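**Student:** what follows is a predicted protein model with its sequence.
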Amino acid sequence: MRMNSVLVLAMFGLLSSAAHAQSASAATTTQSVPAAAPERVASDTQRFTPGGAQFTVPAGWSITTTKNMVLLTPPEADTHLAIVGTQSADAKAAVAAAWAAYKPDSKRPIKLITPRPAREGWDERQVFEYETSPNERVVVEAIADRAGSSWTVVILDGSEPTVEKRGAPISLIFQGLRPKGYARESFAGRKANPLDTARIEQMKSFVQSAMQQLGVPGAAIALIDGGRESGSWASQTRWMRTRYSWPRRTRRG
């Protein structure tokens, strides 16, 4: 009987040691790869996210890069901007993935989602505003930008005083974000198309349509082609009166 008790105790000790070793091993393997030490830049610096999106780190700010996220911090430690790249079905899923990478425990309800025009290489853009209480004095929002099937999300999470103080560099980060491989179009060295009848009519139609949609009572434009005036046009939508004056085209000099 005593021998059986000894065997049971020995087996229990072995099992406990194995379980402890397995738990320690699992803890070691599930630890995320440590982020690089924060780097503070002395001047506005162009950088890239792990997914290839281009952005600007403002002077005096710190940058920390992990596997799929970039964290930007001003001199004040109470504000952060997280840039996360993700492959998601839509903007809401992309923002949810970004929060999971940046601050998984955050459960703030969304207050408003506002679509923004596509620009600077982005095919789709949406702004997410979150509920906050006056006592918190915080600003929490996210912008989801899509280029092709890839989303890049920027999360702003900071105190009101710091966000107000650092408004200019924060705008630099948001407005300077570009998708991977994007190059801004340049007209340097390119020859302009001549203002032929078809293009002039297209411009007139655009102006008239914009006037009607915006309720503008009158507008006038002058066209310069090849350094010379190519035509003038005025329109008054309120009384449906228009005046056109298109001189004969001159030879381009």
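**Tutor:** The structure has been received and is ready for your questions.

**Student:** show me where the protein has its helices.
**Tutor:** 2-30, 91-102, 160-165, 167-175, 197-214 (DSSP state H).

**Student:** which parts of the last one are buried?
**Tutor:** The neighbour-count check on helix 197-214 (16 or more other CB atoms under 10 Å) flags Ile200, Lys204, Val207, Gln208, Met211 as buried. Every residue, glycine included, has its C-beta placed from N, CA and C.

**Student:** for it, give the mean pLDDT please.
**Tutor:** If you average the pLDDT over helix 197-214, you get 87.

**Student:** any idea how far that helix is from the middle of the chain?
**Tutor:** 32 Å (CA atoms, centre = their mean, to the nearest Å).

**Student:** tell me what it is packed against?
**Tutor:** When contacts are defined as 3 or more CB pairs under 8 Å, 6 or more residues apart in numbering; DSSP states H and E, helix 197-214 sits against strand 218-225, strand 228-236.

**Student:** which parts of the first one are buried?
**Tutor:** Meaning strand 218-225. Asp225.

**Student:** tell me the strands beside that strand, with direction?
**Tutor:** Paired neighbours of strand 218-225 in the sheet (DSSP bridges): strand 228-236 (antiparallel).

**Student:** one step back: lowest-confidence stretch among the helices and strands packed on helix 197-214?
**Tutor:** Taking the mean pLDDT of these, strand 228-236 comes last: a mean of 65.

**Student:** give me the pLDDT for Phe48.
**Tutor:** pLDDT, Phe48: 94.

**Student:** how about His20?
**Tutor:** For His20, the model assigns a pLDDT of 46.

**Student:** cool, and Ser171?
**Tutor:** On the pLDDT scale, Ser171 is placed at 96.

**Student:** show me where the stretch 1-150 of the chain has strands.
**Tutor:** Ranges of strands in the stretch 1-150 of the chain, per DSSP state E, counting those that start in this stretch, are 39-40, 45-48, 54-57, 62-65, 69-73, 80-86, 110-116, 124-130, 138-147, 150-159.

**Student:** now render these as JSON lines, adding distance to Ala222.
**Tutor:** Shown next, in JSON lines, are the strands of the stretch 1-150 of the chain (distance: least, CB to CB, whole Å):
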{"stretch": "strand 39-40", "distance to Ala222": "51"}
{"stretch": "strand 45-48", "distance to Ala222": "40"}
{"stretch": "strand 54-57", "distance to Ala222": "38"}
{"stretch": "strand 62-65", "distance to Ala222": "48"}
{"stretch": "strand 69-73", "distance to Ala222": "46"}
{"stretch": "strand 80-86", "distance to Ala222": "44"}
{"stretch": "strand 110-116", "distance to Ala222": "32"}
{"stretch": "strand 124-130", "distance to Ala222": "34"}
{"stretch": "strand 138-147", "distance to Ala222": "37"}
{"stretch": "strand 150-159", "distance to Ala222": "41"}
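
**Student:** out of those, which is closest to Ser186?
**Tutor:** strand 54-57 (16.4 Å; CB to CB).

**Student:** what average pLDDT does the closest one get?
**Tutor:** 96.

**Student:** can you list contacts of that strand?
**Tutor:** 41, 44-49, 63, 70, 72, 83, 172-173, 176-180, 182 (CB atoms under 8 Å, 6 or more residues apart in numbering).
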